[in-house]
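Q: What follows is a predicted protein model with its sequence.
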Amino acid sequence: MKQMEQAEVLGKVIFFNQSAGIIKFVGPLNENSDEIWYGIEWRDPSRGKHNGSFKGKQFFSTRNPTGGSFVKPNKVEFGTNIWKAVEDKYIQNDDSMKKTNETDENEDSLLYSNFDVKKTGLQIKCITLSQSKISSVEGLENISSFFPNLIEIHIDDNLLNSWTQIFQMLSFLKKLKILNVSNNFLVYDGQDCRTFENIECLVLNKMNYSFNDITKILKHFPNLNELKICFNLITSFDKISLQYLKNLNILDIEANPISEWENIQNLGRLPKLEILYANQIQLEKIEFNDCDYSVKSEYFQNLRVLTLNDNKINNWKSINELNKLKNLQELMLKSNPLCQSEQDGTWRQIVISKISNLKMLNRTRVERDKRIVDERKASEIDYLKRFAKQWYELKEALESADSSDLKEKCEKNLKEFYYDHPRYLELVKIHGATEKIETEIKPDTVKSNLLSLKILNEASGKVIERKIPSTIEIKRLKNIIKAFFKGEFTNESINLFYKTSKVPDKEYELDNDYRVLNFYSIENGDTIIARH
């Protein structure tokens with residue numbers, strides 16, 4: 001390509017040594033030299049060496065202190081036009097389609113070889129031109145002619161430099177629904193007033209945009225139902241600007257420096273938002289300020305799916321707050337400090353117990369099939385048992401308080417317990433309170449790795465005595481008991497209960513297959529009952 005005039009190249013995006021950058025300066029670096037240099041701000045700031053200065057003189061500015069370089073003009077590439085990129089990737093010299101390995105979600109196959117391009121083009125609904133060094137939209141009439149049914153185009157990671165180019169492209173592609181322009185240096189001048197009601201999904205990842213920058217773009221796309229704005233510079237969401245997203249169903253804001261929940265909460269005003277991806281946004285806590293735990297929040301009325309992976313959430317109160325969401329069914333919460341606070345199984349049970357409508361946690365279904373295991377019921381009962389001792393102690397302290405000051409203090413302590421466990425009384429109503437005897441802590445002298453127990457086959461009345469590891473899972477114990485009574489249970493499922501000498505007329509169910517035996521208050525000499 002011939003070297004452009006100096007004034008024409010300013011603002012152009014170039015390619016050099018496997019990196020893209022925008023030209024922000026053209027001219028000599030020394031007063032006594034006529035040698036021309038390009039001052040480049042790189043898309044990847046780690047690619048540069050300085051902030052646009054040379055020998056103490058500032059020639060241009062960069063967002064990052066290491067985002068700039070000076071490059072000789074004959075070293076850079078100015079890219080190609082969009083139709084040339086399509087030809088290079090998809091069309092052979094004989095006007096047949098090149099064979100590719102791409103697949104189209106909208107069709108079984110995207111491109112076929114040995115077909116006439118005009119006939120095949122009618123079938124194509126998606127083209128991908130990522131990393132094709134596109135700097136010009138020349139040839140758009142050819143694209144609209146050859147691909148009249150195109151609904152999806154990916155032109156991310158190219159050398160485009162203006163939203164005017166994008167709008168010009170959209171004016172030709174009338175049926176387009178999905179547009180990905182990520183990782184381009186797109187400047188918005190505000191001169192174009194056109195809207196594109198056909199666009200339903202817009203992808204603006206890695207654009208170095210604030211939400212104010214994005215708002216300027218959104219007014220051109222009034223019918224978006226999906227927006228991806230990951231890896232940008234968004235710190236908050238303006239309430240007024242959200243008017244442009246009134247039809248939005250899916251929003252992805254991953255890897256933006258948002259950090260504060262109040263900045264996320266504004267998104268809760270979006271009336272149709274159902275799915276929110278908020279991974280890696282430096283979030284530490286969640287708190288709805290419009291209601292207490294007795295009612296549901298007015299925010300996020302239709303939110304079903306929320307992902308919060310790779311954040312900094314480290315408190316159970318944030319999980320309590322999520323129960324205020326009216327329709328939350330699926331939650332992703334991997335790689336947060338809170339996840340390390342308990343063993344995986346226990347952590348999962350606590351989350352399930354705290355969020356009443358949850359049906360999927362970290363991509364694993366909350367099992368409700370009673371033929372296998374009712375995970376929600378088991379989790380909630382275990383939750384009650386886990387905190388029952390503290391609950392009984394606080395209630396008894398209040399009942400025995402003999403002064404108004406002490407009573408006031410005990411009432412405060414019990415209130416704090418309910419604040420930390422807002423579903424506790426609700427779970428008591430559903431499952432009943434844990435028996436107080438099950439909260440007793442066995443003395444160390446009683447604890448042993450092996451427990452001497454009686455095992456009763458209720459159907460036959462046969463009793464055997466065995467030493468059972470206290471750390472065995474209930475699920476495995478059931479299989480062992482079947483083996484003890486060879487042939488008596490065949491392939492039938494069994495339920496286990498136990499009786500203790502302290503309360504001989506009371507049975508307690510070993511109700512969670514994934515709990516270990518010593519979770520329950522079983523001691524040497526107690527009886528396990530096998531029932532089917």
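A: Arrived safely. Computed from a predicted structure; not experimentally measured. Numbering: from 1, shown residues only.

Q: In a helix, Leu179, correct?
A: No - counting by DSSP: H, G, I helix; E, B strand; the rest coil, Leu179 falls outside a helix, being strand.

Q: Wait, it touches Leu170, no?
A: Yes - at 7.4 Å, Leu179 counts as touching Leu170 under the criterion of CB atoms under 8 Å. (Glycine included, C-beta is placed from N, CA and C.)

Q: Quickly list what's touching both of these two.
A: Shared contacts of Leu179 and Leu170, defined by CB atoms under 8 Å, 6 or more residues apart in numbering, comprise Ile199.

Q: So which of these two has more stuff around it?
A: It is Leu179, of Leu179 and Leu170, that has more neighbours when counted by other CB atoms under 10 Å, with 25 against 21.

Q: partner residues bridging the more buried one?
A: Leu179 has these beta-bridge partners by DSSP bridges: Ile153, Leu202.

Q: Tell me how many other residues crowd the residue nearest to Lys462 when sequence neighbours are not counted.
A: Once flanking residues are discounted, Lys462 sits nearest to Phe485: 6.7 Å by CB to CB, 6 or more residues apart in numbering. Neighbours of Phe485 under the rule other CB under 10 Å: 17.

Q: how much space between the residue nearest to the spatial centre of the chain and Ile250?
A: Closest residue to the average C-alpha location of the chain: Thr307 at 2.8 Å, with CA atoms, centre = their mean. Separation of Thr307 from Ile250 (CB to CB, to the nearest Å): 11 Å.

Q: Overlap of the contact sets of these two?
A: What both Thr307 and Ile250 touch, as defined by CB under 8 Å, 6+ apart, is the set Tyr277.

Q: tell me the SS of Ser69?
A: Reduced to three states by three-state DSSP, Ser69 is strand.

Q: just to revisit the earlier point, which residues are in contact with the residue nearest to Lys462?
A: Asn457, Ser460, Lys462, Ile464, Ala530.

Q: isn't the second one right up against Lys486?
A: In this case it means Ser460. No - contact criterion CB under 8 Å: Ser460 and Lys486 do not qualify, at 11.7 Å.

Q: Show me which of these two is the more surrounded one.
A: More neighbours surround Ser460 than the other of Ser460 and Lys486, with 11 against 7 (other CB under 10 Å).

Q: which ones are touching that one?
A: Phe485, Glu488.

Q: Could you rerun that using 7 Å?
A: Residues counted as contacts of Ser460 (CB atoms under 7 Å, 6 or more residues apart in numbering) are Glu488.

Q: How about the secondary structure of it?
A: Going by three-state DSSP: Ser460 is coil.

Q: Tell me the pLDDT of it.
A: Predicted confidence (pLDDT) for Ser460: 88.

Q: just to revisit the earlier point, could you measure from the residue nearest to Lys462 over to Tyr277?
A: 52 Å.

Q: Need the residues that contact the host helix or strand of Ile381.
A: Using DSSP states H and E, Ile381 falls within helix 375-399. Under the criterion CB under 7 Å, 6+ apart, residues 349-350, 352-353, 366-368, 407, 410-411, 413-414, 417, 421, 424, 427-428, 430-431, 434, 436, 438-439, 511-512, 515 lie in contact with helix 375-399.

Q: Of those residues, which belong to helices?
A: Members of the contacts of helix 375-399 lying in helices (criterion: DSSP state H): 349-350, 352-353, 407, 410-411, 413-414, 417, 424, 427-428, 430-431.

Q: buried subset of these?
A: Gln349, Ile350, Ile352, Ser353, Cys410, Leu414, Phe417, Tyr424, Leu427 (16 or more other CB atoms under 10 Å).

Q: need the contact list for the last one.
A: If a contact means CB under 7 Å, 6+ apart, then Leu427 has Ser353, Glu380, Tyr383, Leu384 as its contacts.

Q: and the two most separated of these?
A: Ser353 and Leu384 (8.3 Å; CB to CB).

Q: sorry, back to before: roughly how far does the residue nearest to Lys462 sit from Asn479?
A: 12 Å.

Q: and if you look at Phe78?
A: For Phe78, the distance to Asn479 (CB to CB) stands at 71 Å.

Q: who has more neighbours, the two?
A: Neighbour comparison, Phe78 and Asn479: the larger count goes to Phe78, with 19 against 11 (by other CB under 10 Å).

Q: low pLDDT regions in the stretch 101-250 of the chain?
A: For the stretch 101-250 of the chain, applying pLDDT under 70 flags the ranges 101-121.

Q: Please, where are all the helices along it?
A: Secondary structure of the stretch 101-250 of the chain (DSSP state H, counting those that start in this stretch): helices at 117-121, 140-146, 163-172, 211-218.

Q: can you redo those helices as CSV with distance to Gly27?
A: Shown next, in CSV, are the helices of the stretch 101-250 of the chain (distance: least, CB to CB, whole Å):
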stretch, distance to Gly27
helix 117-121, 45
helix 140-146, 34
helix 163-172, 26
helix 211-218, 28
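
Q: Of all these, which one is nearest Gln265?
A: Closest to Gln265 of the helices of the stretch 101-250 of the chain, according to CB to CB: helix 211-218, at 14.3 Å.

Q: Grab the CA positions of the closest one and hand them over as CSV.
A: Taking C-alpha atoms only, helix 211-218 is exported to CSV below (Å, rounded to 0.1, in the frame of the first residue of the first chain):
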residue,chain,number,x,y,z
PHE,A,211,-20.6,2.8,30.4
ASN,A,212,-20.9,6.4,29.3
ASP,A,213,-19.1,5.4,26.0
ILE,A,214,-21.4,2.4,25.6
THR,A,215,-24.5,4.5,26.2
LYS,A,216,-23.8,6.6,23.2
ILE,A,217,-23.8,3.4,21.1
LEU,A,218,-26.9,1.9,22.6
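
Q: Show me how far whichever helix or strand Asp88 is part of is from its chain's centre.
A: Per DSSP H and E, Asp88 falls inside helix 82-90. From the chain centre to the centre of helix 82-90 is a distance of 35 Å (CA atoms, centre = their mean, to the nearest Å).

Q: That helix - what's its average pLDDT?
A: The average pLDDT within helix 82-90 is 91.

Q: Repeat that for stretch 315-328.
A: Rounded mean pLDDT across stretch 315-328 is 97.

Q: end to end, how far does it reach?
A: End-to-end distance for stretch 315-328, by CA to CA, to the nearest Å: 19 Å.

Q: same check, this time on stretch 190-202
A: Its first and final residues considered, stretch 190-202 spans 19 Å by CA to CA.
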